[in-house]
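Engineer: Take a look and give me a structure for this.
(chains A and B)
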Amino acid sequence: ELKVEQNPLFLSMQEGKNYTIYCNYSTTSDRLYWYRQDPGKSLESLFVLLSNGAVKQEGRLMASLDTKARLSTLHITAAVHDLSATYFCAVDPTSGGGADGLTFGKGTHLIIQP
Amino acid sequence: EPEVTQTPSHQVTQMGQEVILRCVPISNHLYFYWYRQILGQKVEFLVSFYNNEISEKSEIFDDQFSVERPDGSNFTLKIRSTKLEDSAMYFCASTAGEGSAEAFFGQGTRLTVV
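Structural biologist: Now for the predicted structure:
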């Protein structure tokens, strides 16, 4: 059974600080996704990482994937309040994509305080 | 921008009743999914659907659940006899198919079983 573990599960940080969320998974996969969820809302796709060493950046967020270590990171640079949300990583357990469902981590509840 | 739409946004039903949750995936997408999220918990895969049949299902997706694509646009999830523990947010998602890995999620249907 594929396991996806995120840490921390809860993070309170001040604006302007940097921090990293970690996502470890238990099986070989080269397809990893990061989603953002605001309270009561749907899942917004942030990053799709499809190969070892993939790095993607959007604004103050940067995601990377190390398939050998089975680890992805989501780095937040100079956090702002608008980034407060719950962040989920999700793993596609197969290399072919398509029909198989994603396995999600428990999510990191991020609060950024002024 | 194309999006996945779900109806209703909120459904309240009595225990033992049947419910049908509806989804309209993005029009040129080939793979369709249902996920659920119990309040405050992680997102869990239920079922995937491709070429008019179930491709994969999780152990959550028991005989009480069924999916259907009754026409060219709708994708439905039916729960035959709802239980209190079925209360959750149900998300529909779709992907274009292999080679295009990104899953797009609908806004969700909040199901409350009383």
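Engineer: how about the strands in chain A?
Structural biologist: Under the criterion DSSP state E, strands of chain A are mapped to A:4-7, A:10-14, A:19-25, A:32-37, A:43-49, A:55-58, A:61-66, A:71-76, A:85-91, A:103-104, A:108-113.
Engineer: Flag every residue of chain A that's near chain B.
Structural biologist: By CB under 8 Å from any CB of the partner chain, the residues of chain A that approach chain B are A:31, A:33, A:35, A:41-45, A:48, A:50, A:88, A:90, A:92, A:96-107. The C-beta positions use only the backbone N, C-alpha and C, and glycine is treated the same way.
Engineer: From residue A:59, how far out is the closest residue to residue B:56 other than its chain neighbours?
Structural biologist: The shortest distance from residue B:56 to any residue other than its chain neighbours is 4.7 Å, reached at residue B:48 (CB to CB, 6 or more residues apart in numbering or on different chains). As defined by CB to CB, to the nearest Å, residue B:48 lies at a distance of 31 Å from residue A:59.
Engineer: Ok, residue A:11 next?
Structural biologist: Counting by CB to CB, the gap from residue A:11 to residue A:59 is 18 Å.
Engineer: Pick out whichever of those two has more residues nearby.
Structural biologist: When neighbours are counted by other CB atoms under 10 Å in any protein chain shown, residue A:11 comes out ahead of the other of residue A:11 and residue A:59, with 17 against 11.
Engineer: Mind listing the residues bridging to that one?
Structural biologist: Counting by DSSP bridges, residue A:11 is bridged to residue A:110.
Engineer: where are the low-confidence patches of chain B?
Structural biologist: Scanning chain B for pLDDT under 70 picks out B:98-100.
Engineer: Might you report the residue contacts of the most centrally placed residue in it?
Structural biologist: When CA atoms, centre = their mean is applied to chain B, the residue found nearest the centroid is residue B:34 (3.1 Å). Residues near residue B:34 by CB atoms under 8 Å, 6 or more residues apart in numbering or on different chains: B:21, B:23, B:46, B:47, B:67, B:77, B:90, B:91, B:92, B:93.
Engineer: what's stretch A:72-82 in contact with?
Structural biologist: Applying CB under 8 Å, 6+ apart, the contact partners of stretch A:72-82 are A:13-23, A:25, A:32, A:34, A:46-47, A:49, A:60-66, A:83, A:87, A:89, A:110, A:112-114.
Engineer: how far does it stretch from start to finish?
Structural biologist: Terminal residues of stretch A:72-82 lie 23 Å apart, using CA to CA, to the nearest Å.
Engineer: Can you give me the buried ones in it?
Structural biologist: A:72, A:73, A:74, A:76, A:79 (16 or more other CB atoms under 10 Å in any protein chain shown).
Engineer: Closest one to chain B out of those, please.
Structural biologist: residue A:72 (14.3 Å; CB to the nearest CB).
Engineer: Which strand residues bridge the nearest residue to that closest one once chain neighbours are set aside?
Structural biologist: Spatial nearest neighbour of residue A:72, chain neighbours left out: residue A:23 (4.4 Å); criterion: CB to CB, 6+ apart. Per DSSP bridges, the residues bridged to residue A:23 are residue A:6, residue A:72.
Engineer: Residue A:23: what's it in contact with?
Structural biologist: Contacts of residue A:23 (CB under 8 Å, 6+ apart): A:4, A:5, A:6, A:32, A:34, A:71, A:72, A:73, A:74, A:89, A:105.
Engineer: Before I go, just wanted to say thanks for your time.
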